[in-house]
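> One predicted model, sequence on top.
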Amino acid sequence: MSRPYLASGPLVWLATIGITTLLLVASAKALWLVVPFLLAIILYYLLYPAVRRLELAGFRRETAAALVAGGFTALAVALLVPTVPWLIAQSVAGEAVLAGYLEGGRVLIDRTLRALESQFGFLQRMDFHAEMGRKATEFGNTFMQKELAASLLGAATQLPVLLLAPFLAFFILRDGRSFMQRLVSVVPNAFLERTIYMFDRVHTTARNYFQGLLKLAVADTLFLATGLWLIGLSGALILAVVAALFAWIPVVGSVLACSTIALVAATEFPNDLWYVYASVAVFLLNRLLDAFVIMPMTVGRSIRMHPLPTVLMLFIGGAVAGVAGLVLALPLAGVVSAIVGTIGGIIDDPRLRARHAFAKALQAQRINADLRL
Amino acid sequence: MLKLRFFRRQSEIQRIGQIQRLGLFATLGPKELRVVSSLLQERQYLKGEIVFDEGEEGQALYVVLSGRVLICRQGGAEAVRIAEVSAGAMFGELALLDNAPRSAQVRAVEDCVLGVLSRADFNGLVETHGVIASKIALQLARELGQKLREHFLAMDARPL
């Protein structure tokens, strides 16, 4: 009787956490490659069904991959080109727009603190509103002058690298399967079925995670855009897309998305805080819907790990690789856990190892057959 | 380079011809056979080598492309021979349905080349090439029905 395919226990957990951490540290060092590669994988899972349809229609894999990747690039260019004049106008007015939103945020904080002061006497005695207002202004000035400019410049230098994403996606679409087959072909026969199982787990984990992220983004966009449009916020769709993309970053993403929505609402309706409260309420409702309905049906299905190492991985990911670490920690941990579990299962199965040793002995016998006199 | 591509194409045509003769893929058209052929992984086994053990979780179906394999079951001290499968036949097809334990051990009787179709790839076919997958599944159901009928007939023939 064979043993379970996947080994489990503290050793497997430790190995998974250790290897994932090392990979996250490495990814933080090569962020310029990790970001386009991550986008390429998302593109791969988006375009893969189209390639398979073309294959069935009689196209060779290479042609199908070229047609689909080329078609996607052409579509992306066709959609982006008309927006270039608007983007240039926005970037010219970008500083003024951002300053406007930050001012809206400052007014929102100011009004909220005043409201709090009027409710709680001890805050009034501390002169809480004046003190916090000063700090907010200081933060705003430093943020605008130093950090924001540096971050935007950094992001702008990364933009050309993003062009690598469709290029990489094309090669993954074209050669991904044969690369996997070549990898499996070097595995000894005794471990073949375990390896097939492992690759399937890795593929399923990555596919469910990234396709889940895409579905989550679409659902979030639709819900938020409808909610914010009903409240009366202008640019509800763009705001919803930004918030939905922020949701890909665990923990920090929600804070960023909520702050962005609150800032926009406060700037557009400076004299009525209820618009801000209503926008934040729509966002929170969306997060609840995500947490209890959409996430368990999409992303939650992909990572089959115990909650404790999962949370631990999020903290480690954030600590060693920042935002990229937060985004990568879970899918990477899921993939590493499948690999470590399978290898652990092989090490733990004496029958498999004996079969491999037997096959090697047969091979040695065949090679050495004519060496003896 | 052109020569290499020519030989690769020849071996692909040969393999497609081989899998076309298998009952499981008998109803597939040429394009569909090419899709299935691209999923088959070739593995070489030496005489005496075990392909899989009885009781092991099944992950793949095997097609004998050349050579022979022995299907046997551990019944007490000695192995009980069930069948010998030669080139052009297949075994382990139940693994396409679920990961239930293998009902017998398979061992290479002579050096052989096997084509391996994994359940993961078959499930991929179900998602993206529904027509191919349903044709294979229908043939699989027919073959299992046939085996079941033969089994019942054998039981009927047994003296009470």
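Good, I have the coordinates.
> Spell out which parts of chain B neighbour chain A.
Contact residues, chain B versus chain A (Cβ under 8 Å from any Cβ of the partner chain): B:31-32, B:35, B:38, B:41-43, B:45-53, B:55-60, B:101, B:116, B:118-120, B:128-129, B:131-132. No exception for glycine: its C-beta is placed from N, CA and C like everyone else's.
> Any idea which residue of chain B lies closest to chain A?
residue B:120 (3.6 Å; Cβ to the nearest Cβ).
> which SSE is the nearest residue to that residue once chain neighbours are set aside in?
Of all residues not flanking residue B:120 in the chain, residue A:200 sits nearest, at 3.6 Å (Cβ to Cβ, 6 or more residues apart in numbering or on different chains). Assigned by DSSP states H and E, residue A:200 belongs to helix A:192-231.
> Now find how far off-centre that helix is within its chain.
10 Å (Cα atoms, centre = their mean, to the nearest Å).
> So for that helix, what gets flagged as buried?
By neighbour count on 16 or more other Cβ atoms under 10 Å in any protein chain shown, the buried set for helix A:192-231 is A:192-213, A:216-217, A:219-221, A:223-225, A:227-228, A:231.
> Report how many residues lie close to the residue of chain B closest to chain A.
Neighbour count of residue B:120, defined by other Cβ atoms under 10 Å in any protein chain shown: 17.
> One more: the one 5 residues further on?
Under the neighbour criterion other Cβ under 10 Å, residue B:125 is assigned a count of 24.
> cool, residue B:16 as well?
The number of residues near residue B:16, taken as other Cβ under 10 Å, comes to 18.
> quick one, what contacts it?
B:30, B:33, B:34, B:37 (Cβ atoms under 8 Å, 6 or more residues apart in numbering or on different chains).
> any idea which element the nearest residue to the third one once chain neighbours are set aside lies in?
Put plainly, it is residue B:34. Nearest residue to residue B:34, sequence neighbours excluded (Cβ to Cβ, 6+ apart): residue B:16, at 6.4 Å. Secondary structure from DSSP H and E places residue B:16 in helix B:2-20.
> Sort out which residues of the longest helix belonging to chain B are buried, please.
Identified as the longest helix of chain B according to DSSP state H is helix B:130-157. Going by neighbour count (16+ other Cβ under 10 Å), the buried part of helix B:130-157 is B:132, B:133, B:135, B:136, B:137, B:139, B:140.
> if we can go back for a sec, average pLDDT across the helix holding residue A:200?
In this model, helix A:192-231 has an average pLDDT of 88.
> repeat for stretch A:128-148
68.
> where in chain B is pLDDT low?
B:1-10, B:75-77, B:157-160 (pLDDT under 70).
> cool, the stretch 151-300 of chain A as well?
A:151-159, A:295-300.
> thinking again about what came up before, wait, what's in contact with the residue nearest to residue B:120?
By Cβ under 8 Å, 6+ apart, residue A:200 lies in contact with B:59, B:118, B:119, B:120.
> Checking residue B:117 next. Helix, strand or coil?
Look at residue B:117: counting by DSSP: H, G, I helix; E, B strand; the rest coil, its state is strand.
> I'd say it and residue B:58 touch.
No - the criterion here is Cβ atoms under 8 Å, and residue B:117 misses it with residue B:58 at 11.7 Å.
> more neighbours, the two?
Just comparing residue B:117 and residue B:58: by other Cβ under 10 Å the higher neighbour count belongs to residue B:117, 26 against 20.
> How about the residues of the stretch 101-250 of chain A by chain B?
A:177, A:181, A:184-185, A:189-190, A:192-194, A:196-197, A:199-200, A:203-204.
> of the contacts of residue A:200, closest to residue A:70?
residue B:120 (28.6 Å; Cβ to Cβ).
> Any buried residues in the helix or strand hosting that closest one, and which?
Using DSSP H and E, residue B:120 falls within helix B:119-128. Across helix B:119-128, burial judged by 16+ other Cβ under 10 Å covers B:119, B:120, B:121, B:122, B:124, B:125, B:128.
> who touches that helix?
With Cβ under 8 Å, 6+ apart as the test, helix B:119-128 has contacts from A:49, A:52-53, A:56, A:196-197, A:199-200, A:203-204, B:35-36, B:39, B:58-61, B:95-97, B:99, B:132-133, B:136.
> do that again at 7 Å, thanks
Residues outside helix B:119-128 that contact it (Cβ atoms under 7 Å, 6 or more residues apart in numbering or on different chains) are A:49, A:52, A:196, A:200, B:39, B:59, B:60, B:95, B:96, B:132, B:133.
> Out of these, which two sit at the greatest distance?
A:49 and B:95 (25.2 Å).
> The two: which has the busier surroundings?
A count of neighbours by other Cβ under 10 Å puts residue B:95 above the other of residue A:49 and residue B:95, at 23 against 13.
> re earlier: closest to residue B:109 among the contacts of residue B:16?
Out of the contacts of residue B:16, the member with the shortest distance to residue B:109 (by Cβ to Cβ) is residue B:37, at 25.2 Å.
> Quick check: closest non-adjacent residue to the closest one.
Nearest residue to residue B:37 in three dimensions, chain neighbours excluded: residue B:16, at 5.0 Å (Cβ to Cβ, 6+ apart).
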